[in-house]
Structures are given as structure tokens and as C-alpha cells.
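# A predicted structure for the sequence below; I have some questions about it.
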Amino acid sequence: MANITDTLNEIMSIDGCIAAALVDYNSGLVLGKAGSGINLDLAGAGNTEVVRAKMKTMKSLKLEEQIEDILITLDSQYHIIRPLEKKQGLFLYVVLQKERANLALARMKTADTEGELQI
């Protein structure tokens, strides 16, 4: 089992990862963060709105499914938002350098860390 710091450090070991955070999407507060190059408090609050909007849309569409992750692709970065299945109300936020990251492996490793996270 891993605590928040251990989990974020594991995510930071992903090739091309520049920042990671655990965010409470009920409040928008960042519970833990690692890395640099981006204001994770601001990003956590902003991406809380993304998660809330998607959850609301899914409810309106009566989709009885779970979000695995939300991917935002920028010119030079990938942003992965992964709502935690076992820890409702939380999501992992991962920022990757596009030129260095393997997106498929990053998604898999981010998913794997969820199983180890102990809060």
C-alpha cells in the first residue's frame, strides 16, 4: 500500500512526467502534488470543473458507466485526468511532455497506482 506522496512519486517516474496531483473534485482542493512547471493548485481547481461537467453530462445521458480517464492533448503536453474508482470524489491529474511520453504506458501506470493508494 502507498500513501499519497508515494503514489505521486510513482507517477512522476513515468517517462516524460512533469507534474502530478491528487485532487478532491467535490471541493477542488489539491490533496497532494509533485513536480513543477505548472500551477497544480490552479490546474486542480480548473480540472475539477471538467470532471464535474463530464459527470453531469453522463448522468443526463443516463450512462451507467465509469470514466476511466479524460485526456486533454495540447501542442506539447498530455494531461490525464483519472477519477478514482475506489475513492469516489478524487482524481489523479498527470501532466506529460508529449515528445517524451508513451501515452499508453502512462495511462496504464496511472491506473495501476490507484490500486496501491491508501488514504
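Received it, and whenever you're ready, just let me know what you need.

# where along this protein do the helices fall?
4-12, 40-60, 103-116 (DSSP state H).

# okay, the ones you listed, which one's buried deepest?
Ranked by mean neighbour count, these are led by helix 4-12 with a mean of 18 (mean count of other Cβ atoms under 10 Å). Where C-beta positions appear, they are placed from N, C-alpha and C, glycine not excepted.

# if we can go back for a sec, turn the helices of the chain into TSV, columns for distance to V30 and mean pLDDT.
As requested, the helices of the chain are exported to TSV (distance: least, Cβ to Cβ, whole Å; pLDDT from 0 to 100):
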stretch	distance to V30	mean pLDDT
helix 4-12	10	95
helix 40-60	4	95
helix 103-116	16	92
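
# F91 is nearest to which of those helices?
helix 40-60 (5.8 Å; Cβ to Cβ).

# just send the helices of the chain back as TSV, with distance to L29 too.
Below are the helices of the chain laid out as TSV (distance: least, Cβ to Cβ, whole Å):
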stretch	distance to L29
helix 4-12	13
helix 40-60	7
helix 103-116	19
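
# contact partners for T113?
Applying Cβ atoms under 8 Å, 6 or more residues apart in numbering to T113 gives the contacts 2, 7, 10-11, 92.

# nearest to L42 among those residues?
The closest of the contacts of T113, once distances to L42 are taken by Cβ to Cβ, is L92, at 16.9 Å.

# nearest residue to the closest one in space, please, no chain neighbours.
R82 (4.5 Å; Cβ to Cβ, 6 or more residues apart in numbering).

# wait, the one you found touches A111, no?
Yes: between R82 and A111 there is a contact under Cβ atoms under 8 Å: 6.8 Å.

# quickly list what's touching both of these two.
Counting by Cβ under 8 Å, 6+ apart, the common neighbours of R82 and A111 are 68-69.
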